[in-house]
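no sequence on this one, just coordinates:
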């Protein structure tokens, strides 16, 4: 089978961090809902 008509596969670069770097980043930026280190108290529509 020929691969004509298909674009070449995309190469994505990934940055890996050590557990120490991850812990330091969490300490310096504080808890966040996105990564599970904090919980949202109220729905956003209630915050005004």
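Sure thing, it's come through. All of these numbers come straight from a predicted model, not from anything done at the bench. Numbering: from 1, shown residues only.

going forward, measure contacts and count neighbours with C-alpha atoms only.
Fine.

pretty sure residue 31 is touching residue 38, no?
Yes - proximity of residue 31 to residue 38 meets the contact threshold set by Cα atoms under 8 Å, at 5.2 Å.

Which one's more surrounded, these two?
Counted by other Cα atoms under 10 Å, residue 31 and residue 38 do not tie: residue 31 has more neighbours, with 14 against 11.

Locate the more buried one within the secondary structure: which element?
Element membership for residue 31, per DSSP states H and E: none, as it lies in no helix or strand.

Tell me the gap between stretch 7-22 and the middle of its chain.
Mean-position distance between stretch 7-22 and its chain equals 11 Å (Cα atoms, centre = their mean, to the nearest Å).

how far does it stretch from start to finish?
Length of stretch 7-22, first residue to last, Cα to Cα, to the nearest Å: 36 Å.

If you average the pLDDT over it, what comes out?
Averaged over stretch 7-22, pLDDT sits at 87.

how much space between residue 33 and residue 42?
12 Å.

nope, residue 4 is what I was after
52 Å.

Residue 19 now?
Distance of residue 19 to residue 42, given as Cα to Cα: 31 Å.

Then residue 22?
27 Å.

same deal with residue 30?
Residue 30 is 18 Å from residue 42, where distance means Cα to Cα.

again, but for residue 26
Here the criterion is Cα to Cα. By it, residue 26 lies 22 Å from residue 42.

Between these two, which has more neighbouring residues?
The neighbour count for residue 26 versus residue 42, taken as other Cα under 10 Å, is higher for residue 26 (14 against 8).

secondary structure class for that one?
Counting by DSSP: H, G, I helix; E, B strand; the rest coil, the backbone at residue 26 sits in helix.

can you give me the helices in this protein?
19-29 (DSSP state H).

mind listing what residue 18 touches?
Listed by Cα atoms under 8 Å, 6 or more residues apart in numbering, the contact set of residue 18 is empty.

My error: substitute residue 32 in the last question.
Per Cα under 8 Å, 6+ apart, neighbours of residue 32: 38, 39.

how close does it sit to residue 26?
Residue 32 is 8 Å from residue 26, by Cα to Cα.
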